[in-house]
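A.B. asks: Provided below are the primary sequence and the corresponding predicted coordinates.
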Amino acid sequence: MKRVILSIILIVSLCVALGACSKEESSVLQVPSGSIIVPDAGMQGSTTFDSRNISSIKSTSIPEGWSLDNIDMYEGTITVTAPSSFDDGELRSGTLSLKGYTPTGSTRTISIFLAIAETIPFQEVANCYVATTPKCRYTFDPLKGGAEDAELATAEIKLLWQTKASLIKYLDMRENADGKMEASFYIDEDADNEGRVYYGNALIGAYDKNGEIIWSWHIWVTNNDPAASENIVTLNGETMMNINLGAELNSNGSTDGEVIYKSYGMYYQWGRKEPFVGPQKYNFPSNAAQMVYNTSGYATSFRTVESTAEYGTMAWAVANPMALIKGYKENGYDWLYADSDDNMWNSETKSVYDPCPAGWRVPTDALFANLTIATADDDKTWEEAQKQYGWHLVDTTTEQEYFFTAQGRRNYLDCRLDIFNDDEILPVPWSGYYWTSTVAEDDAKALYFDLNTATRVWNAIELSRPMHRANAMPVRCVRE
């Protein structure tokens, strides 16, 4: 009997051993940043890598003029040096290809983007960072959330969404040369438009050591710097961006659908810093939302939730930046479930939740106090006016003219995209809304206008209209 049992044990052990050998070997070789970017020729740079069951790594190709200085298996770092001159075909950017070998001889391959590129640091803390330079590396402080005194325990950063695949590249977080933690990303140029950035919007999330989102930052990638002199105007004594927050340009009354669409920008629920995308096309076909993509290039989406004691809080909103929160009837259709908070977008000073870039803020309703529809627009036929999706508005005290796009909103009841006016018989596009930081009891105030369906006499404009705070609407930032 003992001999039989021993034979069975030997057979089982042999089967297990053979089975283990037949399974694919478990190994990992990856570079989280995906890149090594240095600021100038001849400079050395490095990146970290993660590996498991990899005994050695060798280079299979490297761009002309670059040198692979060291692969430190113990520290998990790869170091390269950029070419010091470009007289003999040396390359400013290219791909380093590496092959990792397991103890049994199987392999894993990785590619690392190498480049000499300018680094632009965002020195001032904000919830929105504007990137305008192509083929450039941007950096910001991942331990600050919306204000210098808003400390974050960030352990990791990840791309949450972007409006175009590969808009944000080579996202990384590590200590810089000064020993301070630094987040970085790379903006490439549009292959079809040399010298221009591949414009769009993205959201980067900060995660704590438990893998929970604790903050997020909006990256506004645009060819038209909204703070440049040609893109700012003076309205009612304040300096205002002439471009919607998150937009590429001001359509200025164009009837070209692509130009109109580029002028829309992002949508914001009142008091929240998180941007939400608008329609898939300028004229809201089927009210479909714009596509967004995750870090792997796959489509992802926003969700809509009911405002409850759990979901209707600022803490939950910050931790769930891809969730729109419906208006809660018992709280005046605020997205907050309990008492409204008038200070989330403060009228006196810029708040920690303000969605504008550094040096800019959400305006008060005083900004729009003297506007009216331009006579030339108001005199247009309905068919003509409909095509421009917005009004030229005139300051009655200075006669200065401004164009505000009518890009609708996401409404407070179900967060659905909505651009139709309020005519119950013949609702047609379009209507425009712009948030202010001014509150009105349970509501907050906004600039509102629309195109009437029948006659110009009833074209509407309300300079300080109370709107439910669960509405998601555009913003025009003003200088602090």
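C.D. replies: Structure's in. What do you need?
A.B. asks: now the closest residue to Y293 other than its chain neighbours: how far from N201?
C.D. replies: Spatial nearest neighbour of Y293, excluding adjacent residues (Cβ to Cβ, 6 or more residues apart in numbering): A165 at 4.6 Å. Any C-beta I mention is one placed from the backbone N, CA and C, and that applies to glycine too. For A165, the distance to N201 (Cβ to Cβ, to the nearest Å) stands at 13 Å.
A.B. asks: So between the two, which is more surrounded?
C.D. replies: Counted by other Cβ atoms under 10 Å, A165 and N201 do not tie: N201 has more neighbours, with 26 against 17.
A.B. asks: pLDDT averaged over stretch 188-202, what's the number?
C.D. replies: For stretch 188-202, mean pLDDT rounds to 91.
A.B. asks: Check stretch 99-110 too.
C.D. replies: The model assigns stretch 99-110 a mean pLDDT of 94.
A.B. asks: Please spell out which residues along that stretch are buried.
C.D. replies: For stretch 99-110, burial by neighbour count (16 or more other Cβ atoms under 10 Å) applies to 99-102, 108, 110.
A.B. asks: Over to stretch 58-70?
C.D. replies: 62-63, 65-66, 68.
A.B. asks: Off-centre distance for that stretch?
C.D. replies: A distance of 34 Å separates the centroid of the chain from that of stretch 58-70, by Cα atoms, centre = their mean, to the nearest Å.
A.B. asks: what's the span of that stretch from first residue to last?
C.D. replies: 10 Å (Cα to Cα, to the nearest Å).
A.B. asks: Who does I373 form a beta bridge with?
C.D. replies: L393 (DSSP bridges).
A.B. asks: Tally up the residues packed near it, please.
C.D. replies: Applying other Cβ under 10 Å, I find that I373 has 19 neighbouring residues.
A.B. asks: returning to that earlier point: would the residue nearest to Y293 count as being in a strand?
C.D. replies: No - A165: not assigned to a strand; according to DSSP: H, G, I helix; E, B strand; the rest coil it is coil.
A.B. asks: what's the distance between it and Y282?
C.D. replies: 21 Å.
A.B. asks: Isn't G297 up against Q162?
C.D. replies: No - counting by Cβ atoms under 8 Å, Q162 is not a contact partner of G297; they are 9.4 Å apart.
A.B. asks: Is W316 in a helix, a strand, or coil?
C.D. replies: Taking three-state DSSP, the label given to W316 is helix.
A.B. asks: So, low pLDDT: which residues of the stretch 301-450 of the chain?
C.D. replies: Low-confidence segments of the stretch 301-450 of the chain (pLDDT under 70): 421-428.
A.B. asks: Give me the helices and strands touching the helix or strand T304 falls within, please.
C.D. replies: Using DSSP states H and E, T304 sits within strand 303-305. If contacts are counted by 3 or more Cβ pairs under 8 Å, 6 or more residues apart in numbering; DSSP states H and E, strand 303-305 sits against strand 323-325.
A.B. asks: for the strand it packs on, packing partners?
C.D. replies: Going by 3+ Cβ pairs under 8 Å, 6+ apart, strand 323-325 lies up against strand 303-305.
A.B. asks: in its sheet, what does the strand it packs on sit against?
C.D. replies: Partners of strand 303-305, by DSSP bridges, with direction: strand 323-325 (parallel).
A.B. asks: re earlier: for the buried residues of stretch 99-110, name the two members farthest from one another.
C.D. replies: Farthest-apart pair in these is T102 and I110; separation 14.0 Å (Cβ to Cβ).
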